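*Asks:* what would the 3D arrangement of this be:
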Amino acid sequence: MNNRRRFLASGLAAGIGVLALHRTAFAHGEMGHAAKADVDTPREQQLWGIAGDEKAVSRTIPFVMTDEMRFVPDHFEVGLGEIVRITLENRGAVMHEMVIGTPQTLKEHAELMQRFPGMEHDEPWMAHVAPGGRGEMIWEFNRAGEFEFACLIAGHFQAGMVGTIRVG
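*Replies:* I've put the predicted structure just below:
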C-alpha cells in the first residue's frame, strides 16, 4: 500500500472511531432525516440535556437560519429543567442545520463534516433544514451550564454560524 492510500485509510479509520466514540448515528442520502419521524428515538442523556417530551413543552423558541451564516437569534437562555420546542426556518438557498452541544463536541463534529461533507445526522439534538424549509427539536435542558448550537455543514461553522445557550 502506498503512503497516500495508507494516509487515507488511517484518516477514514480515525473518522469511524470518532463516530463510534460519540455514539452518533449518521446516514447518507435522503433517508437520514426523512426516517426520523418514523422511528422512536430513545432518550439518551447528553452533557447538554436530553430529548424532551412534547407534552411537557413550556415554550417555543423560534430561529431563522440565513445564508449570511447566522442564526437569529444567536443566543438564548432557559431555566434548568425547562423543556422547549425549538423551531427553525431556513430562509436561505442552501441547506442549514442546528446541532446543540458543548463547544468541544461541536468543534470535533465540524471537523468531521469538513472531511465527510455528505454526512447527515438523525439525533434529537440535531435538525437538518432544507432551503425554504422548516424544522424543530424538543429538548430538555436538565444540565446547568453554557452550551452552544451551530450549523455543522461543511464551512458554515467555520464562517461563524454558531450561537450560545445559558442554562440555569
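*Asks:* next, count neighbours for residue 97.
*Replies:* 23 (other CB atoms under 10 Å). Bear in mind the C-beta positions are built from the backbone N, C-alpha and C, glycine included.
*Asks:* state the distance from it to residue 55.
*Replies:* Counting by CB to CB, to the nearest Å, the gap from residue 97 to residue 55 is 26 Å.
*Asks:* for residue 148, same thing?
*Replies:* Residue 148 is 27 Å from residue 55, by CB to CB.
*Asks:* neighbour count for these two, which is higher?
*Replies:* residue 148 (20 against 7).
*Asks:* ok, residue 80 - how many residues close by?
*Replies:* Residue 80 has 12 nearby residues by other CB under 10 Å.
*Asks:* let's verify it: helix, strand, or coil?
*Replies:* Assigned with DSSP: H, G, I helix; E, B strand; the rest coil, residue 80 falls in the coil class.
*Asks:* what sits against the residue nearest in space to the middle of the chain?
*Replies:* The structure's the chain has its C-alpha centroid closest to residue 99; by CA atoms, centre = their mean the separation is 1.8 Å. The contact partners of residue 99, taken as CB atoms under 8 Å, 6 or more residues apart in numbering, are 106, 109, 121, 125, 126, 149, 150, 151, 152.
*Asks:* hmm, who's touching stretch 144-161?
*Replies:* Residues from elsewhere that reach stretch 144-161 (CB under 8 Å, 6+ apart): 47-48, 65, 69-71, 80, 94-103, 106-107, 109-110, 113-114, 117, 162-168.
*Asks:* just the buried residues of the residues you listed.
*Replies:* The neighbour count (16 or more other CB atoms under 10 Å) marks 48, 65, 69-71, 95-101, 106-107, 109-110, 113, 162-163, 165, 167 as buried among these.
*Asks:* narrow those to those in strands?
*Replies:* Counted as lying in strands by DSSP state E, out of the buried ones among the contacts of stretch 144-161, are 65, 70-71, 96-101, 162-163, 165, 167.
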